[in-house]
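Engineer: got a structure for you, letters missing:
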């Protein structure tokens, strides 16, 4: 049984992306609220993770993933004609990459499905017959 609609949109994949974005949004915002509720400021929010090598590691890793994600989102949006890609860039900086990237993937999946660009593997590339 497939979850792909007549338009080619894989609803299960779209719902998975939406669930991840929602979970990421709730989790990151709860953490942010807790940070500021403790009386800590924006400076602490930026500098606290830099106090340990492990925190620096995660910061570098996150920055690298965010940079690659932003490049991918902009290039892919341009390639497939997905409008308003700037929204996902803004969400990356205003909310979190863990929210913006699944939202972008959800919009991409829907856009490709509506345009009939999805192959059987859901990637947008045609699948060779076996």
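Structural biologist: Arrived safely. Quantities reported herein were computed from a predicted structural model and do not represent experimental measurements.

Engineer: which secondary structure element contains the residue most central in space within the chain?
Structural biologist: Central residue of the chain (Cα atoms, centre = their mean): residue 101, 1.1 Å from the mean position. Per DSSP states H and E: residue 101 is located in helix 97-115.

Engineer: Can you give me the distance of residue 81 to residue 115?
Structural biologist: Distance, residue 81 to residue 115, using Cβ to Cβ, to the nearest Å: 8 Å. Glycine gets a C-beta too; all of them are placed from N, C-alpha and C.

Engineer: Kindly report the same for residue 65.
Structural biologist: Using Cβ to Cβ, residue 65 is found at 28 Å from residue 115.

Engineer: before we move on, what about residue 30?
Structural biologist: 37 Å.

Engineer: what's the answer for residue 54, then?
Structural biologist: 44 Å.

Engineer: who has more neighbours, the two?
Structural biologist: Using other Cβ atoms under 10 Å as the criterion, residue 54 and residue 115 rank with residue 115 on top: 14 against 9.

Engineer: Low-confidence stretches in the protein?
Structural biologist: 1-8, 117-130 (pLDDT under 70).

Engineer: how about 50 then?
Structural biologist: 1, 120, 126-130 (pLDDT under 50).

Engineer: just the helices in it please.
Structural biologist: For the chain, the helices defined by DSSP state H cover 11-37, 42-47, 53-80, 86-94, 97-115.

Engineer: any idea which of those helices is most buried?
Structural biologist: Comparing those by mean neighbour count (mean count of other Cβ atoms under 10 Å), helix 97-115 comes out on top with a mean of 21.

Engineer: From what I see, residue 59 and residue 49 are in contact.
Structural biologist: Yes. With contact defined as Cβ atoms under 8 Å, residue 59 reaches residue 49; the gap is 5.3 Å.

Engineer: what sits against residue 89?
Structural biologist: Applying Cβ atoms under 8 Å, 6 or more residues apart in numbering to residue 89 gives the contacts 70, 73, 74, 100.
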